[in-house]
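Q: Generate coordinates for the sequence data below:
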Amino acid sequence: MTLSRATYMEWAKTRPAPAIDLAGSNLLACTLDELPGAREALDLTGESADGYRPLVDAIAARYGVSPECVALGGGCSGANYLVFAALLDSGDDVLVEKPAYDPLPAAARMLGASVRFFERRFEEGYALDPDRVAAALSPRTRLLVLSSPHNPTGVVAAEDALARLGRLAEERGFLVLVDEVYQDCVLADRPAPAALRSPAFVSSNSLTKAYGLSSLRCGWTLASPEVTQRIRRARGVVDVNGAIPAERLAALAFARMAELSERTRRLIEVNTALVSAFLAKSQALECVPSRATITFPRFQDGRDAGSFARRLFAEHGVAVVPGAFFEAPSHFRLSFGGATEKLEKGLTALDSCLPT
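A: Numbering: from 1, shown residues only. Below you'll find the model as predicted:
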């Protein structure tokens with residue numbers, strides 16, 4: 001068997017450590033002191049047959065759904081993998097957006113599915129086009145895979161497009177996985193999870209990108225009870241359950257969500273303003289506006305962003321993600337959920353390396 005590769009993830013894990021990391025997209029890590037009660041909540045005991053029940057209940061309450069609609073996973077990536085494992089058989093078709101976060105199609109291929117793509121285009125603001133999706137479907141399509149906000153561009157899917165895709169899924173008998181890991185980074189007019197609109201949708205998310213709690217590996221899906229049960233059974237094969245200390249702390253995080261959300265808001269508002277100003281004044285770059293903590297500028301002259309990224313790292317110790325990992329070589333992904341002081345220095349370095 002040939003192991004399916006996620007080349008971006010291999011690069012992310014093996015690249016040299018930068019002085020300023022504008023490639024990694026986690027929010028600035030939350031400390032124990034920023035999560036009051038964390039030390040007291042640590043314990044090695046607890047029941048976790050289908051997930052630590054206070055955590056499952058907290059997620060269900062946040063979204064106004066039954067606990068039977070919530071399944072836990074190891075981060076959003078782990079939750080996504082469980083969806084693929086639960087829903088796909090060898091030979092099924094999976095339709096994935098392009099540009100795509102490459103662990104998504106890689107996971108589908110690992111389970112024996114055939115992956116097809118539909119385009120989200122710069123010239124259209126990376127909007128979802130339901131007609132383009134419909135044209136790319138095959139009789140064997142079992143799952144459509146999207147992200148909203150879109151990774152790597154940060155574009156939020158339009159409500160009418162999701163509504164049309166939900167109707168199409170119901171008519172044609174496939175499901176739609178929407179990776180919403182950046183959704184809580186959206187500060188204004190944040191959309192509800194897609195899974196709340198129709199049983200045709202499965203939503204995945206985690207505490208990673210918006211709350212600085214990547215180390216807890218708390219991911220989850222929202223779906224119909226029937227699909228959720230299949231996901232839970234898949235976890236019984238993959239890793240059985242989560243780590244009790246991490247799930248206890250994740251439950252505490254939901255109890256402290258107001259404080260965590262305010263921390264997130266303060267950081268994102270400042271950092272977004274810095275990145276927006278930087279992109280607005282750039283003569284070399286063009287970019288579709290992002291509503292998350294990632295953005296995907298491209299060189300107006302079409303030059304290769306890989307050589308730019310290498311120079312930026314070599315001369316300034318600043319890392320960005322070359323667009324080649326998203327099959328868009330004139331682009332690079334810039335992440336700005338980290339410390340504001342480092343972001344400012346990183347943007348200054350970026351500006352000094354841009355062509356004039």
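Q: Give me the longest helix you can find in this structure.
A: With residue count as the measure and DSSP state H as the assignment, the chain has helix 257-281 as its longest helix.
Q: and whichever helix or strand comes after that one, what other elements does it pack with?
A: Elements were assigned by DSSP states H and E; along the chain past helix 257-281, the next helix or strand is strand 285-286. Counting contacts by 3 or more C-beta pairs under 8 Å, 6 or more residues apart in numbering; DSSP states H and E, the secondary-structure elements packed against strand 285-286 are strand 298-299. For glycine as for every other residue, the C-beta is placed from the backbone atoms N, C-alpha and C.
Q: Just name whatever secondary elements the strand it packs on is in contact with.
A: Helices and strands in packing contact with strand 298-299 are listed as strand 285-286, helix 305-316; criterion 3+ C-beta pairs under 8 Å, 6+ apart.
Q: for it, what is the average pLDDT?
A: Averaging the model's pLDDT scores along strand 298-299 yields 98.
Q: now that strand, how far from the centre of its chain.
A: Relative to the mean C-alpha coordinate of its chain, strand 298-299 is positioned 22 Å out (C-alpha atoms, centre = their mean, to the nearest Å).
Q: tell me which residues form a beta bridge with R333?
A: When bridges are taken as DSSP bridges, the partners of R333 come out as V321.
Q: ok now do it, which residues does it touch?
A: Contacts here follow C-beta atoms under 8 Å, 6 or more residues apart in numbering; on that basis R333 touches 23, 25, 152, 294-296, 320-321, 323, 325-326.
Q: Closest to T264 out of the residues you listed?
A: If you rank the contacts of R333 by distance to T264 using C-beta to C-beta, S25 comes first, at 13.7 Å.
Q: Relative to Y182, how far out is that closest one?
A: S25 sits 8 Å away from Y182, going by C-beta to C-beta, to the nearest Å.
Q: so what sits against both of the two?
A: Counting by C-beta under 8 Å, 6+ apart, the common neighbours of S25 and Y182 are 151, 209, 293-294.
Q: So which of the residues you listed belong to strands?
A: Per DSSP state E, strands hold the following members of the shared contacts of S25 and Y182: I294.
Q: biggest separation within the shared contacts of S25 and Y182, which pair?
A: The distance between the two most remote of these (C-beta to C-beta) is 10.7 Å, for N151 and T293.
Q: any shared contact partners between these two?
A: 25, 182.
Q: Packing partners of the strand or helix carrying E97?
A: Take DSSP H and E as the rule and E97 turns out to sit in strand 93-98. In terms of contact count using 3+ C-beta pairs under 8 Å, 6+ apart, strand 93-98 is assigned the packing partners helix 103-110, strand 114-119, strand 141-147.
Q: Compute the number of surrounding residues for E40.
A: By the criterion of other C-beta atoms under 10 Å, E40 has 8 neighbours.
Q: What of P139?
A: That count, for P139 with other C-beta under 10 Å as the rule, works out to 7.
Q: gap between it and G173?
A: Counting by C-beta to C-beta, the separation of P139 from G173 is 10 Å.
Q: Spatially nearest residue to the residue most central in space within the chain (excluding sequence neighbours)?
A: Centre of the chain computed as the mean C-alpha position; nearest residue by C-alpha atoms, centre = their mean is V181, 3.8 Å away. Leaving aside its chain neighbours, V181 sits nearest to C76 (4.1 Å; criterion: C-beta to C-beta, 6 or more residues apart in numbering).
Q: rewinding a little: helix, strand, or coil at the residue nearest to the centre of the chain?
A: Classification of V181 by DSSP: H, G, I helix; E, B strand; the rest coil places it in coil.
Q: if we can go back for a sec, packing partners for the longest helix of the chain?
A: By contact count (3+ C-beta pairs under 8 Å, 6+ apart), the secondary structure elements abutting helix 257-281 are helix 208-211, helix 340-353.
Q: Between its first and last residues, how far does stretch 276-294 reach?
A: With C-alpha to C-alpha, to the nearest Å as the measure, the first residue of stretch 276-294 is 11 Å from its last.
Q: Dump the helices and strands packed on strand 298-299 into JSON lines; add distance to S214 as well.
A: JSON lines is the format used below for these (distance: least, C-beta to C-beta, whole Å):
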{"stretch": "strand 285-286", "distance to S214": "28"}
{"stretch": "helix 305-316", "distance to S214": "22"}
